[in-house]
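>>> Any chance you could fold what I've pasted below:
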Amino acid sequence: MKKALFIRRDNIGDLVCTTPAIRALKLARPECSVAVLVNSYNADVVANNPDIDKVFVYEKAKHSEGGSLSAHLKNLALFMRLRAERFDAAIACSYDYSKRAARLAFLSGARLRVGYASAKDSSARLFLNRRLPAPPDGLHEVEAVMGLLAPFGVKGRPPKMVLNPAPLEREKAFVYLKRLGLKNPEDAVIFQISSRKPENRWPLERYRELGALIDERLKLPVMLLWSPGASDNRFHPGDDGAAEWLISNMKRKPFPYRTENLQELVAAMSAGAIAVTPDGGAMHIAAALGKPVVAVWGSTDPVKWSPWGVDHRILQKGTRRASDVTAEEAFSALQSLLSGAERKERSS
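Residues are numbered from 1 along each chain as shown. Presented below is the predicted three-dimensional model:
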């Protein structure tokens, strides 16, 4: 195999969880040229990834400010370029059958098109010519995507996730935070407050309470991150209003960084010591950057989507609503992770 294409059409966390499989293939087949097909929303996840030779970006109609017609025309040109690449294999990355990912594999023109599918997935017979049985329950997304490499003889435990902040963005983040008065960004507790799903969002009052506990008992600074924009933005809803409320109402003011794009978010998260996040893309970014994570959890399956490869604590109630997790519970988890990190430093 000389050319392989990984297809990941989903959100930020899904693509982060695909990077171990990309690395595994590159390690096993260093002569293979590896490309990825991603969308305009998650593409920055694979910027600066040394395992990837080419990145192809398509635009979902719902993310296109030029409208659906503009998006379709751009994507038509993109698929003409993809077919010209003559890929040996396209891998439709998903835990189970994804009709859309399988269709993208078909449109790529790849000779071998691999993906998970069951007998009931009738469209899979058209789109995929190497259909694998669905992985068993109880696997993490990282492990499930790794299983798609079996046809290429690549097996074993997945390597680490790969996410590299752009050096200039990281320098910019440190300079900005220090100008705000954050003397040692590496000591900061990161609050990343945004999540797409309402049941996964932690109330702002809880962040305020947790911030007070951190100040009173740990004397650590808090770095505040969020998805930029207004909450009613139909393309990319943001949390500017929520961030403003926290800045105004936290007893000890946090150090806010309004990250305008994904590369800025990655750079900022690379600065802190530990992250407190809802379940979502930022949680996976923190894990890929090697940060311990306190994850305030809602309705998602933690077995499948927990932070991969780092120390973490998942706080999930039987109600499966993040709002039912208390600030004291989050502080206890945070304290436990920080104590564990200190013990590791002393023993190393």
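>>> next structured bit after the longest strand anywhere in the chain?
Criterion DSSP state E: the longest strand present in the chain is strand 33-39. Sequence order places strand 54-58 as the next helix or strand after strand 33-39, per DSSP states H and E.
>>> That following strand - contacts with which helices or strands?
Contacts defined by 3 or more C-beta pairs under 8 Å, 6 or more residues apart in numbering; DSSP states H and E place strand 54-58 against strand 33-39, helix 68-85. For every residue, glycine as well, the C-beta is placed using N, CA and C.
>>> Out of those, flag the one nearest Lys99.
Comparing these against Lys99 with C-beta to C-beta, the closest turns out to be strand 33-39 (15.6 Å).
>>> what's the angle between the closest one and helix 68-85?
Using axes from the mean of the first three to the mean of the last three C-alpha atoms, to 10 degrees, the inter-axis angle of strand 33-39 relative to helix 68-85 is 170 degrees.
>>> strands paired with strand 33-39, and their directions?
strand 3-7 (parallel), strand 54-58 (parallel) (DSSP bridges).
>>> Flag whichever of these has the least confidence on average.
Ranked by mean pLDDT, these bottom out at strand 54-58, which scores a mean of 94.
>>> what separates Met283 from Asp121, distance-wise?
30 Å (C-beta to C-beta, to the nearest Å).
>>> With neighbour numbers in mind, choose between the two.
Neighbour comparison, Met283 and Asp121: the larger count goes to Met283, with 30 against 19 (by other C-beta atoms under 10 Å).
>>> excluding its backbone neighbours, what's nearest that one?
Thr277 (4.3 Å; C-beta to C-beta, 6 or more residues apart in numbering).
>>> same check, this time on Glu169
Ala267 (3.7 Å).
>>> pLDDT wise, what is the one you found at?
For Ala267, pLDDT reads 97.
>>> Would you agree it is in contact with Tyr176?
No. Here Ala267 lies out of contact with Tyr176, judged by C-beta atoms under 8 Å, at a distance of 9.8 Å.
>>> Those two: which has the busier surroundings?
Ala267 (24 against 18).
>>> So that one: helix, strand or coil?
helix (DSSP: H, G, I helix; E, B strand; the rest coil).
>>> got the contact list for the residue nearest the centre of the chain?
Closest residue to the average C-alpha location of the chain: Gly13 at 2.5 Å, with C-alpha atoms, centre = their mean. Taking C-beta atoms under 8 Å, 6 or more residues apart in numbering, we find Gly13 in contact with 280-281, 283-285, 305.
>>> number of nearby residues for Ala134?
Ala134: 15 neighbours (other C-beta under 10 Å).
>>> thought it was touching Gly115?
No. Ala134 is beyond contact range of Gly115, at 10.3 Å (criterion: C-beta under 8 Å).
>>> Now the common contact residues for these two.
Common contacts of Ala134 and Gly115, defined by C-beta under 8 Å, 6+ apart, comprise Tyr97.
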